[in-house]
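A.B. asks: let me see the structure of the following:
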Amino acid sequence: MPVTIGSKTFRTRQDAIAHCQSILHREQLETEVEGEDEEFVRSLLNLRVDKIREIGARTVVRFWRKKHRHNTPCFFAELSDGSLLDFSFMKAIDTL
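C.D. replies: Predicted coordinates for the structure are as follows:
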């Protein structure tokens, strides 16, 4: 069954997961996600209504590849107040 995230459509859920992993591992941790990848990661975040609610009136300044507290690579949104918000691409895909 096709999966659409933002402007990208994938043949399967596994293809969408593979794309997320490729973005996460394209560069080293502690690097900013930029360009088309940034647009895609923003679409992933927008799937997480709970995280959008958590952002509230703040805005997303940029996205990062960082190590999560569970010692795994993860996407983080840097918010306008300087805080970082982590979010799981797997949980985002699970919303579809």
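
A.B. asks: from here on, contacts and neighbour counts on C-alpha atoms
C.D. replies: Fine.

A.B. asks: so for Glu34, what's the nearest residue that isn't a sequence neighbour?
C.D. replies: Phe63 (7.7 Å; Cα to Cα, 6 or more residues apart in numbering).

A.B. asks: now swap in Arg13 and tell me
C.D. replies: Nearest to Arg13 is Val3, by Cα to Cα, 6+ apart, at 6.0 Å.

A.B. asks: tell me the confidence at Gln28?
C.D. replies: What the model reports as pLDDT for Gln28 is 95.

A.B. asks: typo on my end, Asp50
C.D. replies: For Asp50, the model assigns a pLDDT of 97.

A.B. asks: three-state assignment of it?
C.D. replies: helix (DSSP: H, G, I helix; E, B strand; the rest coil).

A.B. asks: so it versus Gln14, what's the distance?
C.D. replies: From Asp50 across to Gln14, the span is 23 Å (Cα to Cα, to the nearest Å).

A.B. asks: hang on, the earlier thing: surely the residue nearest to Arg13 is in contact with Ile17?
C.D. replies: No: Val3 lies out of contact with Ile17 (Cα atoms under 8 Å); the separation is 10.1 Å.

A.B. asks: quick one: the helices in this protein, in order.
C.D. replies: 13-26, 35-47, 49-55, 89-94 (DSSP state H).

A.B. asks: one step back: neighbours of the residue nearest to Glu34, just the number please.
C.D. replies: 23 (other Cα atoms under 10 Å).
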